[in-house]
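Colleague: With the input below, show me the fold.
(one chain, ligands or ions: 1)
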Amino acid sequence: MSFDSRIMCESLLLSKPMEEHTKRLHDPYFKPHVATKTVQETYIANCVWVPGPIIVGAGPSGLAAAACLKNQGVSSLILEQSNCIASLWQFKTYDRLCLHLPKKFCQLPLMPFPKDFPNYPTKQQFLAYLESYTKHFDLKPIFNTMVLSAGYDEEYRLWRVKTKVSEYVSRWVIVASGENAEEVVPKIEGMNEFSGPIIHTSLYKSGGCFENKKVLVVGCGNSGMEVCLDLCNFNACPSLVVRGSLHVLPQEMLGRSTFGLSMWLLKWLPVRVVDQILLLASHFIIGDTNRLGLSRPKLGPLELKKISGKTPVLDVGTLAKIRNGDIKVYPEIKRLSCDNVEFVDGRTEKFDAIILATGYRSNVSTWLKDTNLFSKDDGFPTKSFPEGWKGECGLYAIGFTRRGLLGTSMDATRIAEDIERQWNMDMKHLKSLRHPSP
Ligand SMILES: Cc1cc2nc3c(=O)[nH]c(=O)nc-3n(C[C@H](O)[C@H](O)[C@H](O)COP(=O)(O)OP(=O)(O)OC[C@H]3O[C@@H](n4cnc5c(N)ncnc54)[C@H](O)[C@@H]3O)c2cc1C
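Modeller: Residues are numbered from 1 along each chain as shown. Purely as a prediction, here's the structure:
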């Protein structure tokens, strides 16, 4: 047992009147009674004391948090339900995916992308980067370990994080389970009657198996738009269901990435003025999207993002296919039957398959017990950016800013600094107790 581990264990003791726990907290991998509070919980065979924070999820956010903590001298433990890092990117993304934003906005803290990577790295390159990030910081997540519940024990002032076989106990929990933990599958009338496959984009890899098929893509975020383009490239006949309004912007304008340009303009100008500039430039570059059946919201793209979290779509070629008729646009679906899809405007069309690009949701409310940090309704922090990273009693959130990997980096840095302060204070206090001045 390292000195640090022991000293942190003792810090718990010293912070509470719990003499009875003195012995068991001297071992970081102790199997104490602290794990078996009730009869229902006695199934927990293993209780593991974790001296540093417990991080739930080994996606980019969990890895970034662990790396920043390590950089500050704080060890952590990552629990990951899947059998690898970045499971969303490994298993639930399509083959042609590239980062939507330039690499400088997607790099994790303390380690930039390799110089020879393109401006928009491919999914494989991003995964290779994450692998080397993990290796570089010597991060060793515990795989195949789903967190079933996590709750704060007021009596012991500790977090109890339960998995199928163990209970992990720590002062800190960092929620890094992602904004995209579960697929959103809408209920559509007649879904069971539809004879063709209905799949979520998380299962879509490429248009290879849809050649010459009529495919309806439901949802027009970045994924839905890109899947349509991919289907076109594989000689399928895609159509797109567009419900409500959306902002489509070119991925690049005036020789710069639209995202980078927006960031730069926001340094000097108010958000509404930047929105006007973006919309004017978009009109010149991609034309009037309303005429293609993609009506724009009343609020500008950045203001809408700020208020609702709704991300503008960055066009990577789909609009041109809509314009030349390769992709048809339909309104909301009314009902499905056998091989027919009826739309709310009265049109009916036959389709061979349906792909649901209907997004994801957070799963935090299914396993994190009552806290003020996360909303029970949507599993996102209740406080808006940039305040949503820290809760009470050692609870933190990373990767829930609706600002992609840039938000992740900001959270990781803040969290590591905050925990390091507490960690160092404890160390100082304990060292003074162990070696009292004469
Ligand atoms: C198709 C697609 C393209 C995207 N492109 C970009 C982009 O270009 N730029 C950008 O910035 N963002 C992009 N994003 C957003 C994306 O969410 C982030 O890039 C990134 O994956 C977020 O990392 P994360 O670690 O927060 O979440 P995730 O990558 O979702 O990782 C969360 C991890 O937590 C694990 N987990 C969940 N629940 C539990 C549990 N109970 N117990 C244990 N483990 C658990 C999951 O298995 C997962 O491995 C894209 C998203 C999608 C879907």
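
Colleague: can you pull the pLDDT of the closest residue to residue 166 other than its chain neighbours?
Modeller: Nearest residue to residue 166, sequence neighbours excluded (Cβ to Cβ, 6 or more residues apart in numbering): residue 46, at 4.0 Å. All C-beta atoms are positioned from the backbone trio N, CA, C, and that covers glycine. Note on residue 46: pLDDT of 87.

Colleague: Give me the number of neighbouring residues for residue 46.
Modeller: Applying other Cβ atoms under 10 Å, we find 12 residues neighbouring residue 46.

Colleague: okay but it is in contact with residue 169, surely?
Modeller: No. With contact defined as Cβ atoms under 8 Å, residue 46 does not reach residue 169; the gap is 10.9 Å.

Colleague: how near is the closest residue in space to residue 350 that isn't next to it in sequence to residue 422?
Modeller: Once flanking residues are discounted, residue 350 sits nearest to residue 339: 5.1 Å by Cβ to Cβ, 6+ apart. To residue 422, residue 339 is 60 Å away according to Cβ to Cβ, to the nearest Å.

Colleague: do the same with residue 365
Modeller: 27 Å.

Colleague: tally of neighbours for the residue in the stretch 151-300 of the chain that the ligand sits nearest to?
Modeller: Residue of the stretch 151-300 of the chain nearest the ligand, by Cβ to the nearest ligand atom: residue 178 (2.6 Å). As a burial measure, residue 178 scores 26 neighbours (other Cβ under 10 Å).

Colleague: Other residues contacting stretch 79-86?
Modeller: 54-60, 62-63, 87, 90-91, 127, 130-131, 134, 141-147, 161, 163, 168 (Cβ atoms under 8 Å, 6 or more residues apart in numbering).

Colleague: Filtering those residues by proximity to the ligand, which remain?
Modeller: Restricting the contacts of stretch 79-86 to those near the ligand by Cβ under 6 Å from any ligand atom leaves 56, 57, 58, 59, 60, 62, 87, 146, 147.

Colleague: mind checking which helix or strand the last one is in?
Modeller: Counting by DSSP states H and E, residue 147 is held by no secondary-structure element, helix or strand.

Colleague: Now do the contacts for it.
Modeller: Residues near residue 147 by Cβ under 8 Å, 6+ apart: 56, 79, 81, 161, 162, 163, 177, 367.

Colleague: Tell me the bridge partners for the second one.
Modeller: Beta-bridge partners of residue 79, counted by DSSP bridges, are residue 56, residue 142.

Colleague: pLDDT score for it?
Modeller: pLDDT recorded at residue 79 is 98.

Colleague: how about the residues of this structure that lie near the ligand?
Modeller: Residues of the chain lying close to the ligand (Cβ under 6 Å from any ligand atom) are 56-62, 79-82, 86-88, 93, 97, 99-101, 106, 146-147, 176-181, 223, 363, 367, 399, 404-405, 408.

Colleague: CA atoms of stretch 351-364 as PDB?
Modeller: Extracted C-alpha coordinates of stretch 351-364, given in PDB (Å, rounded to 0.1, in the frame of the first residue of the first chain):
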ATOM      1  CA  PHE A 351     -39.500   2.200 -48.600                       C
ATOM      2  CA  ASP A 352     -37.300  -0.800 -48.200                       C
ATOM      3  CA  ALA A 353     -35.600   0.300 -44.900                       C
ATOM      4  CA  ILE A 354     -35.700   3.000 -42.300                       C
ATOM      5  CA  ILE A 355     -32.700   4.400 -40.500                       C
ATOM      6  CA  LEU A 356     -33.400   6.300 -37.300                       C
ATOM      7  CA  ALA A 357     -31.000   9.200 -36.900                       C
ATOM      8  CA  THR A 358     -32.900  10.200 -33.800                       C
ATOM      9  CA  GLY A 359     -29.900  10.800 -31.500                       C
ATOM     10  CA  TYR A 360     -29.000   9.700 -28.000                       C
ATOM     11  CA  ARG A 361     -29.700  10.500 -24.400                       C
ATOM     12  CA  SER A 362     -27.800  10.500 -21.200                       C
ATOM     13  CA  ASN A 363     -28.200   7.500 -18.900                       C
ATOM     14  CA  VAL A 364     -27.100   9.300 -15.700                       C
END
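
Colleague: Need the mean per-residue confidence for that stretch.
Modeller: 97.

Colleague: That one: which residues count as buried?
Modeller: 351-364 (16 or more other Cβ atoms under 10 Å).

Colleague: least trustworthy helix or strand in this protein by mean pLDDT?
Modeller: Ranking every helix and strand in the chain by mean pLDDT, DSSP states H and E puts helix 3-14 at the bottom, with a mean of 40.

Colleague: ok, now how distant is the residue nearest to residue 166 from the ligand?
Modeller: Distance, residue 46 to the ligand, by Cβ to the nearest ligand atom, to the nearest Å: 17 Å.

Colleague: Quick one, which of the residues of the chain next to the ligand are buried?
Modeller: 56-62, 79-82, 86-88, 93, 97, 99-101, 106, 147, 176-181, 223, 363, 367, 399, 404-405, 408.

Colleague: Got the domain ranges for the protein?
Modeller: 46-180+362-434, 185-359 (automatic domain parsing).

Colleague: residues of the helix or strand harbouring residue 429 that come out buried?
Modeller: Taking DSSP H and E as the criterion, residue 429 maps to helix 404-434. By 16+ other Cβ under 10 Å, the buried positions in helix 404-434 come out as 404-416, 418-420, 423, 426-427, 430.

Colleague: and that helix, average pLDDT?
Modeller: Helix 404-434 comes out at a mean pLDDT of 90.

Colleague: now stretch 260-270
Modeller: 96.

Colleague: swap in stretch 188-198?
Modeller: Stretch 188-198 comes out at a mean pLDDT of 96.

Colleague: can you check stretch 224-241 too?
Modeller: Mean pLDDT, stretch 224-241: 98.
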